[in-house]
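> sequence-free structure coming up:
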């Protein structure tokens, strides 16, 4: 049976001397894996559409096992993302999050649009680190591990949060802060940004420029939360850490 889907390539694995197994995140069916026969050959028609971050229209033959890619036509190549080391590294991290946190052939509402729009904004010059923090917050719902962001996770108070508790899974107020001595203190800007990123409509993303200290605060909280609750280990995250140590991360702070 032939099936046509629109999809973004989120993963590629060499298979044998000439083939690739590629993972597509599709609009219609969620995540699917397909065999791209001959895609490693430079003159193959499938070579160009089997690269990471390519958004295209794909024709797949679906049998009883792994599908086979019959044809692909690129819609948007995201060349500026793929050719920039920092952008490509953050885009690969997002792709790995999708791959690790989703099931095969299960469609997650809005996820295709989230990733596509992050790539679009990245190509237009948006800070890839900020886009990644937004994407991480939105993926928490996909993973089924959403934190409590609207009130104190311990007492239910709507007073201004003072810290974020990994142990209890959300913000805690001044009266409850002693219940978790390891909670991350939060500035009000970080509180607002965590809430904003979780609910943000990426179609309406404006110009978000953050100070280095704010980025670091967000990164520490979100990373610790993923480490505690997601159960995934991401190879791409280690590479991002290497970029940071070499000072090759995005240099757009104000």
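Sure, I can see it. Every value quoted in this text rests on a predicted model; they were computed, and no experiment measured them.

> When you work out contacts or count neighbours from here on, use the C-alpha atoms and nothing else.
OK.

> wait, residue 236 sits on residue 92?
Yes. Using Cα atoms under 8 Å, residue 236 makes contact with residue 92 at a distance of 6.6 Å.

> out of those two, which sits in the more crowded spot?
Neighbour totals were compared for residue 236 and residue 92, and residue 92 leads with 21 against 18 (other Cα atoms under 10 Å).

> Check what pLDDT the more buried one gets.
At residue 92, the pLDDT value in this model is 97.

> gap between it and residue 240?
From residue 92 across to residue 240, the span is 10 Å (Cα to Cα, to the nearest Å).

> and what of residue 6?
29 Å.

> now do residue 180
Applying Cα to Cα to residue 180 and residue 240 gives a distance of 30 Å.

> quick one: which of these two has more around it?
residue 240 (19 against 15).

> For the closest residue to the more buried one other than its chain neighbours, report the pLDDT, please.
The shortest distance from residue 240 to any non-neighbouring residue, by Cα to Cα, 6 or more residues apart in numbering, is to residue 89 (6.6 Å). Per-residue pLDDT puts residue 89 at 96.

> just residue 34 next, same as before
The predicted local confidence for residue 34 is 96.

> cool, the one 3 residues further on as well?
What the model reports for residue 37 is a pLDDT of 94.

> Now for the nearest residue to it once chain neighbours are set aside: which residues touch it?
In space, and not counting its chain neighbours, residue 37 is closest to residue 19: 4.6 Å by Cα to Cα, 6+ apart. Residues in contact with residue 19, defined by Cα atoms under 8 Å, 6 or more residues apart in numbering, are 35-40.

> and with 6 Å instead?
36-40 (Cα atoms under 6 Å, 6 or more residues apart in numbering).
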